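>>> Need coordinates for the below:
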Amino acid sequence: MIGRTLDWFEDFVAGGGMADAADTARLELKRQHCLLVMAEARDQARELGLTPRLVDLATVAGLVHDTGRFPQYRRYRTFRDADSANHAVLGLQALARQGGLGHLAPRDRLLVRLAVVAHNRRALPRRLAAGGDAEALVLAHIVRDADKLDIVRVMRDHFQAKGAKDEVVFLGLPDDPERYNPAVVADIEAGRIGNYNDMESVNDFALLLLSWINDMYHPRTRRLFFARGHVDALFGQLPDTPAMRAFAGRYRERFGPEAP
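Numbering: from 1, shown residues only. Next up is the predicted model:
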């Protein structure tokens, strides 16, 4: 199952190459992200003890979850949905038009499509969250968590890279070392995920990523978020002020491995 999907995916990505080196690098960034989310989703499914079929479907869904990023970038030169189109919908369209899931049984194809359409929602669609389809719900949670873990890795690498911040990766946000929006901090402390519309600087992107702890479903995801050093690295990007140090302490006490 995964071998055929992987072959399709690689052909799909290769078929839309771009001449400019910066464009090529951004598309390669998304290609690598898809491959790593595939691995994260597979590992999460195995840890949950799912059936081999569901492990395979989680792996497939992880691979194709961001299929829409490729036509999105080629068409609009952005990864910001608000300035272009919903990349999950673009992904479903590409998968349907180019037969990306054609080798799957109808039921399995539906489950992967549901995971793709749900992966970038601020919250799960109400009907899915209600749990009427247990298989769809478990796959959606797996892909959403796997996606978050790897996006944090991607952004951490870009935060720490030397030179100017990539305006596409950082959504055009200004890089002001002392600036951040307290509204994003308030969301985290209230148990919410941050809002993209509240991001006013690169620092707010770090806070948004930290807010995802409130939407990580599996204990493994939260554990790895800390164990891989992501939390420390993200706080390391934020202003070293008494208020921010106090917030970091509350965050670790509430969400860290030793939290009750």
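>>> and the worst-scoring helix or strand of the chain on mean pLDDT, which residues are buried?
Every helix and strand in the chain was compared by mean pLDDT, DSSP states H and E; the lowest is helix 126-129, with a mean of 86. Buried positions in helix 126-129, judged by neighbour count with 16 or more other CB atoms under 10 Å: residue 128. For every residue, glycine as well, the C-beta is placed using N, CA and C.
>>> following it, which helix or strand comes up?
Sequence-wise, the next helix or strand downstream of helix 126-129 (DSSP states H and E) is helix 134-160.
>>> got the CA positions of the helix or strand following that following helix in PDB?
Reading on from helix 134-160 to the C-terminus, the next helix or strand found by DSSP H and E is helix 182-189. Extracted in PDB, the C-alpha atoms of helix 182-189 (Å, rounded to 0.1, in the frame of the first residue of the first chain):
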ATOM      1  CA  PRO A 182       0.500  39.100  24.600                       C
ATOM      2  CA  ALA A 183      -2.700  37.700  23.100                       C
ATOM      3  CA  VAL A 184      -0.900  34.600  21.900                       C
ATOM      4  CA  VAL A 185       0.500  34.100  25.500                       C
ATOM      5  CA  ALA A 186      -3.000  34.500  26.800                       C
ATOM      6  CA  ASP A 187      -4.300  31.800  24.500                       C
ATOM      7  CA  ILE A 188      -1.700  29.400  25.700                       C
ATOM      8  CA  GLU A 189      -2.500  30.100  29.400                       C
END
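>>> Name the residues of helix 182-189 that are buried.
By neighbour count on 16+ other CB under 10 Å, the buried set for helix 182-189 is 184, 185, 187, 188.
>>> Same check on stretch 215-228?
Neighbour counts over stretch 215-228 (16+ other CB under 10 Å) mark 215, 216, 217, 218, 220, 221, 222, 224, 225, 226 as buried.
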